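[1] model this:
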Amino acid sequence: MINQNKQYMHKHIHHIITYCLLLCTLAACDPREDRDMLPAPLQSKDLQFSVTQQQGHDNIVYLENKTQGIIPFWNYGTGISNKAKDTINIPFAGTYYIKFVAYSGGGPVEDSAKITVTENDPNYFSSPMWNLLTNGEEGKTWVWAMDTPGGAPYGNGSGGATAPEWWKPTPADVISWGVDKDEMTFDLKGAANYTKVTPKGTEKSLFVLDTLNKTIKILGSDISYGAKITYVVVTLNANELTLAQQGDGWRNIWMFKRKGFKY
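    Numbers count the residues shown, from 1 in each chain. Model (predicted):
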């Protein structure tokens, strides 16, 4: 009886080992078979897409993917999109490369299309705030309003104040802070550019102007003696730029003027 049990066990173990070897062989073959079933990797010459501009208003650009079986991705410098068809606005004049990336089983493949935008979009920049702040592509430089009639180019006041009311540092205070020589230039040459020149050097960055809510944000830099916040535009005309940090019933206020202007 014992010998019969041994023979049965040996035979059973033999079957298990054979089964395991078969599974291992199949498992080893599966990835190779899967790879053989994958489509051949795409090349840039295989990509089919179109980038066209609206006639008479070439800031408007139409993007369309025509490559089958891929996930599209567009990068046009001022934004991105993953839509098969999209309409974008490039507000600044200049030459641009619209990058198209196709994602498929063979990995990402990239190509691009070159376009030229002839002028800054008049519709996008229709608010007078843009020209008052920047003078368009030429740019406009702002400095501290050291000769402001109120006597204080910086300070604070009530929630609706247009000039310092409570704390009123003098021009001598601004000089003592070492910022009185700072110059800030805004321009629309190819982008919403911001340049700050100080005795310590030059900083170049971008700005975001919200003409609806009348706010301005400097990206990667700040205004002179700033608080690195989104500022409320209190006053903006041909010669004056007053910005504020808005609090609950109070404001911190910065007063600048166009370089060369005198009160």
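[2] switch to C-alpha atoms for all contacts and neighbour counts from now on
    Will do.
[3] could you list every residue that touches the residue positioned nearest the centre of the chain?
    Per CA atoms, centre = their mean, the C-alpha nearest to the average position across the chain is that of Thr78, at 6.2 Å. Shown in contact with Thr78 (CA atoms under 8 Å, 6 or more residues apart in numbering): Ile90.
[4] what's the model's confidence in stretch 250-262, averaged?
    Across stretch 250-262, pLDDT averages out at 98.
[5] Repeat that for stretch 99-108.
    For stretch 99-108, the mean confidence score works out to 92.
[6] Quick check: buried residues in it?
    For stretch 99-108, burial by neighbour count (16 or more other CA atoms under 10 Å) applies to 99-102, 104, 108.
[7] got it, and stretch 194-203?
    Within stretch 194-203, judged by 16+ other CA under 10 Å, the buried ones are 194-196, 198.
[8] so where's the stretch 151-263 of the chain shaky on pLDDT?
    Applying pLDDT under 70 to the stretch 151-263 of the chain flags no residue at all.
[9] And the strands in it?
    Here the stretch 151-263 of the chain has its strands, by DSSP state E, counting those that start in this stretch, at 154-158, 183-187, 193-198, 201-210, 215-219, 231-236, 240-246, 250-258.
[10] Tell me the helices and strands packed up against the longest one.
    With contacts defined as 3 or more CA pairs under 8 Å, 6 or more residues apart in numbering; DSSP states H and E, the packing partners of strand 201-210 are strand 193-198, strand 215-219.
[11] For the nearest residue to Gly107 once chain neighbours are set aside, give its distance to Glu119.
    Spatial nearest neighbour of Gly107, chain neighbours left out: Pro41 (6.9 Å); criterion: CA to CA, 6 or more residues apart in numbering. According to CA to CA, to the nearest Å, Pro41 and Glu119 sit 40 Å apart.
[12] More neighbours: which of these two?
    Taking neighbours as other CA atoms under 10 Å, Pro41 and Glu119 compare with Glu119 leading, 15 against 12.
[13] isn't that one right next to Phe92, touching?
    Yes: between Glu119 and Phe92 there is a contact under CA atoms under 8 Å: 6.6 Å.
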